Every structure is written in C-alpha cells, then in structure tokens.
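Trainee: This is a predicted model, with the sequence first.
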Amino acid sequence: MIPTLPIEVTCPQCGARYNAQVQTIVDVGQDPRLKSMLLRGQLNTVTCPSCGAAGMVSAPLLYHDPERELLLVFFPPALTLTMENRERLTGSLVNALMSTLPSEGRKGYLLNPRTVLTMQSLIDQILRADGITEEMIEKQRARAQLLQDMLAAFGEEERLQALIEQNKEDIDYSFLLTLSAAAEGSTSAGQGEIADKLLKLRDVLMDQLAITLPEPLPLNMPRVEVVDRVLAMEDEASRRAMVMYNRPLLDYAFFQELTRRIEQATGEKAETLRTLRTELLELVEQLDREAQAMQRAKMDLLQEALSSSDPAQLLRERKDEVDVLFLSVLAAVMHSAEDEGQEEQLQRLRAVNDAALAVLQEDLPPELRLVNDLLAAEYPHETQKLLQDRRTEWNDELPTLLTTLAEDLDAQERRQTAQRLRELREQVESLMSESGSETDDS
C-alpha cells in the first residue's frame, strides 16, 4: 500500500500552519476507494484545526490503473513548477509507485506517463478509460434536463404528475442515480436547500412509481452497523438501493470494516465477502461516474461561458441547461477560486453567475422578479423607491405572496431572509394604505 505524505499547509482563512497528510499516488489496483474519492472531489481535502475551514491541497498526483494500463500525472498550476522540476518529480513518483508493485506488474507503459494539464482533463481521461462515451454523457444530459423540469414543476401537483406520466419509462435506476448524485453534489457545494428539494422529489417518485428503497440511515451510524445492514441483504437489488440511498456511508471506514471481516473469515465465507466487496465497490464507482458525468456536462457549459465574449447571450441560448445543478457547480468553482485567491478568475465567475441568475429570472412571473429585486435592494429607502417605480407590476396579492415566501423560508431555517420579506410586506401594506387614503381624499 502506498502511504500518504505529510506536508505543511497554511490556512487561507486564518493563516494557521499545520501538517496534513496528502495522497500523491492513486493506484486503483492497490486501493480502489482512492479513485472514488478523486472522482468525487474529496481527495486531499483537509480541514484547518484552528478555524475549521476546509479546502483541497494543491499537490502533484500520479494516477495508475493497472487493468487499463493507464498512467497519468497532474501538476496543479498553483505549484508553478519548472519543466525540470516536473520531470524530476515525475520520476520520483513513478519510482515510488514501481517499488510497491510486484515484478510482473512493472510494465513498459510505466516509463511513459501521460501529463494532463487540468484536473478536469485528468478526470475526463479516467472516464474515457472506463468507457464513458459522449453518447452516455448525452443520455446523462437528458436525465439532468428531465430532473430540472421536475424540479421546476415541484409544488405544482398537476404539472409534476403530467411529467411523471409522460416520462415513466425514463425514470429508471439510472435516473434515480442521477437524482441521488445531484442531491449529494448540492450538499457538498453548500446548496442545502436544493439538496432538500431533490430528496423530496425522490420521495414523491418513490411513492408514485411504487419503487421500494430502504430508509436512509443516519450519517453518524457506526460503520460496523452499516456493514451488518448490508450483509443482511440477500439480493443485489436491495444492495444497489442501499448504495444509492446511503452513498456517503460507504466510505473508507466502511470498506475498512468489511476488509477486516474478510481477513477474519475463511474458506467459502471469505470468498463470498470478497465478491460482495467487489460488487459494492463497482456500485459506488457507478454512482460516482454518474455524478461525474453530470458534473462534466455542467463544467463544459461553464467553460464555454467563461470563454465567450457574451456569456449572457450564450446562457440565454442554452437556458434549458442553466438549472440548479449548473448553479451548484458554479458555486463550488467560485468557492474554490476564492479560497485560492484567484481574484481575476473569481470576477469572471461572478459575471457568469449574474448572467445565469438573470437568465433564470427572465422566466419568472413579474411579481417574483420584483421580489428578487426587492431582496437585492437596500432596505428601506431603495425598496420603497422600487415599489413606487414599479407599482404597475404588483397588486393587492403581493402581501400574501410575501407572507407565503417568508413561511417557506422559515421552514428552511433561513430566518434572516424570511424577516426581510416580512419587513417588505409591511412596507407594501403601508404603500397600499397611503394609496387608499389618497383615493378617499379625492
């Protein structure tokens, strides 16, 4: 097994220095879980012991898949290494890898690693080697579009029911994988509200289509108990559902416990457990590939927008792809750029974010567009002027709408925005009262 390496990290938030363990070699043959962590963006993620800020460490990475004879090396641009230093470090990483391999595993391709320039290129090559084709990504985009349509219809029962009925054949296991991956991706990106909505949609689909899945397990459940639950499942369909519904629980600690039991078992029981471990690793990898394929489609759109001379027009032309999933990916990239101090890149990302929000807002009803603008304006002077200038865009129903939105946000524990909506309601009612008084006087 290839060990991690200690490096000193300076926290970008509080400036504290601390030691962290990073993985510079990912060998799928020796530790398959590292591939999963890489695809999920969790490899070399560290947490500052002083302030709790989390982030990904910029470290060189050698990726090795012996089954596919794939050897890739990636140097993060933030390291600013010279060509000479890159070559020397590549040689050191390859030598370290080869020292852990049996003699029959030391083949010629190990002497010629392929260099990739970005983390996305690294992931793309891994996916291609796994057989993820452009056709599969197109199917994934179609699933993501259907998912976005259902999210947009969520809360409108008739519209949602019609979508479910029209697309019943497409709401299959792969679609549910996409939904689960989107929920988990939204949670990781700090988009808890979107994740919650996705999970509620999944519950509706489970109920409407009579699909039976196990209850989600608590995230703090001891992995010993999680292994017990999995071992009690007698059929593959139940285990697939378990993985889909509880992906975060099948982590390093889970597989470590399962491996411990394999080592303690003998004969046929040990072989059965090994087969189960392989099956679970493949299921986890499939879910992660689904998530990555979906993320790649949104990343492609983001890169096109960043490269465009008119990102707003590009997003407007492809507004079917501008959805909550795109915003989640964009938020994660913005957070990363902010952590790394990439101010120029951050400004460009913010411009794309503003353009995306503007495109989404174009399809909103006039009263909701007004509410969004009111929330963005300074209270009370700017909001007062906005309400007066756009008096033709709202009527006596606006206070009721503001109350309903505030109650929804209270349920999501977004107290500050809910309170602002109530203040706006009072402002609207005051204007209505003044208008009524003027009418009476006349």
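Mentor: Received, thanks.
Trainee: so where is the stretch 51-200 of the chain shaky, pLDDT-wise?
Mentor: 54, 132-138, 140-141, 173-174, 177, 181, 184-192 (pLDDT under 70).
Trainee: all strands for it, in order.
Mentor: Secondary structure of the stretch 51-200 of the chain (DSSP state E, counting those that start in this stretch): strands at 54-56, 61-65, 70-74, 114-116.
Trainee: what comes up buried for the last one?
Mentor: Neighbour-count burial for strand 114-116, counted by 16 or more other C-beta atoms under 10 Å, picks out residue 116. For the C-beta atoms, the positions are set from N, CA and C on the backbone; glycine is no exception.
Trainee: tell me which strands and helices it is in contact with?
Mentor: Using 3 or more C-beta pairs under 8 Å, 6 or more residues apart in numbering; DSSP states H and E as the contact test, the elements touching strand 114-116 are strand 70-74, helix 119-129.
Trainee: Try it again at 7 Å.
Mentor: strand 70-74 (3 or more C-beta pairs under 7 Å, 6 or more residues apart in numbering; DSSP states H and E).
Trainee: circling back: please identify the most buried of the strands of the stretch 51-200 of the chain.
Mentor: Per-stretch averages of neighbours, counted by mean count of other C-beta atoms under 10 Å, single out strand 61-65 among the strands of the stretch 51-200 of the chain, with a mean of 23.
Trainee: thinking residue 76 is in contact with residue 58, fair?
Mentor: Yes - if you go by C-beta atoms under 7 Å, residue 76 and residue 58 touch, sitting 4.0 Å apart.
Trainee: closest to residue 427 out of the strands of the stretch 51-200 of the chain?
Mentor: Checking these against residue 427 by C-beta to C-beta gives strand 54-56 as the closest, at 39.3 Å.
Trainee: For stretch 14-21, output the C-alpha coordinates as PDB.
Mentor: C-alpha atoms of stretch 14-21 as PDB (Å, rounded to 0.1, in the frame of the first residue of the first chain):
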ATOM      1  CA  CYS A  14      -6.900  32.300   9.400                       C
ATOM      2  CA  GLY A  15      -3.200  31.900   8.300                       C
ATOM      3  CA  ALA A  16      -2.600  29.000  10.800                       C
ATOM      4  CA  ARG A  17       0.100  26.500   9.800                       C
ATOM      5  CA  TYR A  18      -0.500  22.800  10.300                       C
ATOM      6  CA  ASN A  19       0.600  19.400   8.900                       C
ATOM      7  CA  ALA A  20      -1.700  17.400   6.700                       C
ATOM      8  CA  GLN A  21      -1.400  14.000   5.000                       C
END
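Trainee: who touches that stretch?
Mentor: 4-10, 46, 48-51, 53, 57 (C-beta atoms under 7 Å, 6 or more residues apart in numbering).
Trainee: now swap in stretch 44-52 and tell me
Mentor: Counting by C-beta under 7 Å, 6+ apart, residues outside stretch 44-52 touching it are 9, 11, 13-14, 16, 18, 20, 22-23, 54-57, 59.
Trainee: Show me the two of these that sit farthest apart.
Mentor: The span of the contacts of stretch 44-52, defined through C-beta to C-beta, is set by 14 and 23 at 24.6 Å.
Trainee: of those two, who's got more company?
Mentor: Using other C-beta atoms under 10 Å as the criterion, residue 14 and residue 23 rank with residue 23 on top: 20 against 11.
Trainee: Was I right to think that one contacts residue 4?
Mentor: Yes - using C-beta under 7 Å, residue 23 is in contact with residue 4, at 5.3 Å.
Trainee: Compare the contacts of stretch 14-21 and tell me which is most surrounded.
Mentor: Ranked by neighbour count (other C-beta under 10 Å), the contacts of stretch 14-21 have residue 48 at the top, with 20 neighbours.
Trainee: How confident is the prediction for that one, by pLDDT?
Mentor: With respect to pLDDT, residue 48 has a value of 81.
Trainee: What is the burial count for residue 250?
Mentor: 23.
Trainee: Please renumber the chain so that the first residue is 608 from this point on.
Mentor: Sure thing, new numbering starts at 608, so read that last one as residue 857.
Trainee: Name the residues that touch stretch 985-1004?
Mentor: Applying C-beta under 7 Å, 6+ apart, the set of residues contacting stretch 985-1004 is 973-974, 977, 980-981, 984, 1027, 1030-1031, 1034-1035, 1038-1039.
Trainee: Fine by me, we can end here.
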